[in-house]
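Asks: This is the structure alone, sequence omitted:
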């Protein structure tokens, strides 16, 4: 348990179980619904669809164009129907960063469940007002000549960053690139690095 | 509402704390809350805007202290009780039961056999685009000014972006309007835009260099700029 998750008050667990029993009784919650949620997010998530789409975009310029212009069609290649995603591309001139200041909106279908820090006040408050300082603290130095473009997910549109392909990965295949592409890079709080193991 | 949930630009929360090897769920009850939120929403018992507004009405101190899934529990419970799906007294009775019998299976509190379940719409959260034929008032490149407003109800115009000048980046289509949909006043769909704001417009002399924020804003939040 991390600092954000102090030992939970047993009263909260009682409240959860009480509501669970009532929703079961009223035919709203399926008896196996909780098990299915655990299964889906703990076991079945596999490689993030977002990382696979980015690796494909790095290898295939036509797919990159499609991912930026029509993400729904691009993601259909991975058997995902996601109408609400916008993909924003990092370049030498622009670094993109995704946040939701009003709640914790996040592109679940492509990235899985959000990490706790994404949902906490420190990130949500500072990402829009001092992103360069925040990213520096998180280990990413963005030079001042590169614009930081923050996407505040205030509606049902969701955002995913298309990071820059790192140097010294030219020899890697699409499959080898996927594990380099981290969730943090797709949010915009990290760059993709060529791993030591992958370097020639 | 100008609640504590509207965090953009607030100060004093310290550094971002990242948990190494964070588990998907920290305890099973978190997964149960996620499952209940989805079950209730997909059965049409509340819409996403009512759910969010349910969370926003937590007391500020509780909101800041609570973990993510505790916020969800609070929001789901508040809205289901308000709508009469769950009775406050039956809920209190069950909470007391599980308080006294912490190891009792959830099923053991339910008298009799479980009923069948009605039809569910698993795509309920994303179901917000309405092809009304409405023509967007603004096009990409148009200067706009956001309204300066402080409604007591739900809104998705963040406090830090009110009364500010921006430029329309694109139109996302016609979307359900949260400010009415959260309050039983209908979907009232209207054009949704991505609006770009220069950091200097938002944060004045405290802005970092070379920064912009794009925010998704409904047409009625916007006035023509110059």
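Replies: Happy to help now that I have it. Just so it is clear, the structure is predicted and the values come from calculations on it, not from any experiment. Numbering: from 1, shown residues only, chains lettered A, B, ... in the order given.
Asks: domain ranges for chain B?
Replies: Following automatic domain parsing, one finds the domains of chain B at B:1-119, B:143-224.
Asks: Could you tell me the end-to-end distance of the first one?
Replies: Start-to-end span of domain B:1-119 (C-alpha to C-alpha, to the nearest Å) is 34 Å.
Asks: Can you report how many residues neighbour residue 114?
Replies: With no chain named, the answer covers chain A. By the criterion of other C-beta atoms under 10 Å in any protein chain shown, residue A:114 has 17 neighbours. The way it works is simple: take the backbone N, C-alpha and C, and place the C-beta from them, glycine included.
Asks: Switch to chain B, please.
Replies: By other C-beta under 10 Å, 14 other residues sit near residue B:114.
Asks: ok, now which ones touch residue B:88?
Replies: Going by C-beta atoms under 8 Å, 6 or more residues apart in numbering or on different chains, residue B:88 touches residue B:81.
Asks: roughly how far apart are it and chain A?
Replies: 11 Å (C-beta to the nearest C-beta, to the nearest Å).
Asks: any idea what sits nearest the spatially most central residue of chain B, other than its immediate chain neighbours?
Replies: Note on chain B: the residue nearest the mean C-alpha position is residue B:52, at 3.2 Å, using C-alpha atoms, centre = their mean. Counting by C-beta to C-beta, 6 or more residues apart in numbering or on different chains, residue A:103 is the residue found nearest to residue B:52 once chain neighbours are left out, at 5.7 Å.
Asks: Would you map the helices across chain B?
Replies: Counting by DSSP state H, chain B has helices at residues B:28-42, B:48-56, B:60-65, B:68-82, B:88-100, B:178-181, B:199-203.
Asks: Make TSV from the ones you listed and add mean pLDDT to it.
Replies: Shown next, in TSV, are the helices of chain B (pLDDT from 0 to 100):
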stretch	mean pLDDT
helix B:28-42	96
helix B:48-56	98
helix B:60-65	96
helix B:68-82	98
helix B:88-100	97
helix B:178-181	98
helix B:199-203	98
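Asks: Next, format those helices as CSV and append distance to residue A:120.
Replies: Output for the helices of chain B, formatted as CSV (distance: least, C-beta to C-beta, whole Å):
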stretch, distance to residue A:120
helix B:28-42, 15
helix B:48-56, 14
helix B:60-65, 10
helix B:68-82, 8
helix B:88-100, 27
helix B:178-181, 23
helix B:199-203, 21
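Asks: For the residue nearest to the centre of chain B, give me its contacts.
Replies: A:102-103, B:75, B:154, B:178, B:182.
Asks: Next: residue A:41.
Replies: A:112-113, B:24-25, B:31.
Asks: Let me know whether residue A:114 touches residue A:107 as I believe.
Replies: No - with contact defined as C-beta atoms under 8 Å, residue A:114 does not count as touching residue A:107 (9.0 Å).
Asks: before we move on, the earlier item: quickly check the contacts of residue B:52 for the two that are furthest apart.
Replies: Maximum pairwise distance in the contacts of residue B:52, criterion C-beta to C-beta, is 14.3 Å, between B:75 and B:178.
Asks: Which of those two has more residues huddled nearby?
Replies: residue B:178 (27 against 23).
Asks: any idea which strand is longest in chain B?
Replies: The longest strand of chain B (DSSP state E) is strand B:165-175.
Asks: And for residue 139, nearest residue in space, chain neighbours not counted?
Replies: No chain specified, so I'll use chain A. residue A:190 (7.1 Å).
Asks: my bad, the chain I had in mind was chain B
Replies: Per C-beta to C-beta, 6+ apart, closest to residue B:139 is residue B:168, 6.7 Å.
Asks: Now do the contacts for that neighbour.
Replies: Contacts for residue B:168 were tallied using C-beta under 8 Å, 6+ apart; they are B:138-144, B:193-196.
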